[in-house]
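Asker: any chance you can model this:
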Amino acid sequence: MPHTVRIADRRSAAKAVALAHAHEAQMALNALILAVSIALLLEAVWMHAT
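Answerer: Down below sits the predicted model:
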C-alpha cells in the first residue's frame, strides 16, 4: 500500500511541476505580447510625431 501512495504522490508532484511550468510559459508569453504591443505603439507614436 505505501508503494501505491508513493506512486500517486510522484504523479501528483509531476502534475504540479507541469502546471507550474505551464503557468511560467503563459506568463512569459503574456510579457512578450505586452512588450511587442508597447514597441508597436511607441513606433506608431514616433511615426505620427515625425
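Asker: poorly predicted segments of the protein, please.
Answerer: Scanning the chain for pLDDT under 70 picks out 1-5.
Asker: helices of that one, residue ranges please.
Answerer: Secondary structure of the chain (DSSP state H): helices located at 2-49.
Asker: distance of R6 from K15?
Answerer: Per C-beta to C-beta, to the nearest Å, R6 is found 15 Å from K15. The way it works is simple: take the backbone N, C-alpha and C, and place the C-beta from them, glycine included.
Asker: nope, D9 is what I meant
Answerer: 11 Å.
Asker: I38: neighbour count?
Answerer: Number of residues near I38 (other C-beta atoms under 10 Å) recorded here: 10.
Asker: distance check, it against A16.
Answerer: 33 Å.
Asker: next up, the contacts around I38.
Answerer: With C-beta atoms under 8 Å, 6 or more residues apart in numbering as the criterion, no residue contacts I38.
Asker: I'd like to know how many residues surround A13.
Answerer: 10.
Asker: neighbours of L32, just the number please.
Answerer: Using other C-beta under 10 Å, L32 has 10 other residues around it.
Asker: check W46 too.
Answerer: The local packing of W46 (other C-beta under 10 Å) involves 9 other residues.
Asker: equivalent analysis for D9, please.
Answerer: So D9, with other C-beta under 10 Å, has 10 neighbours.
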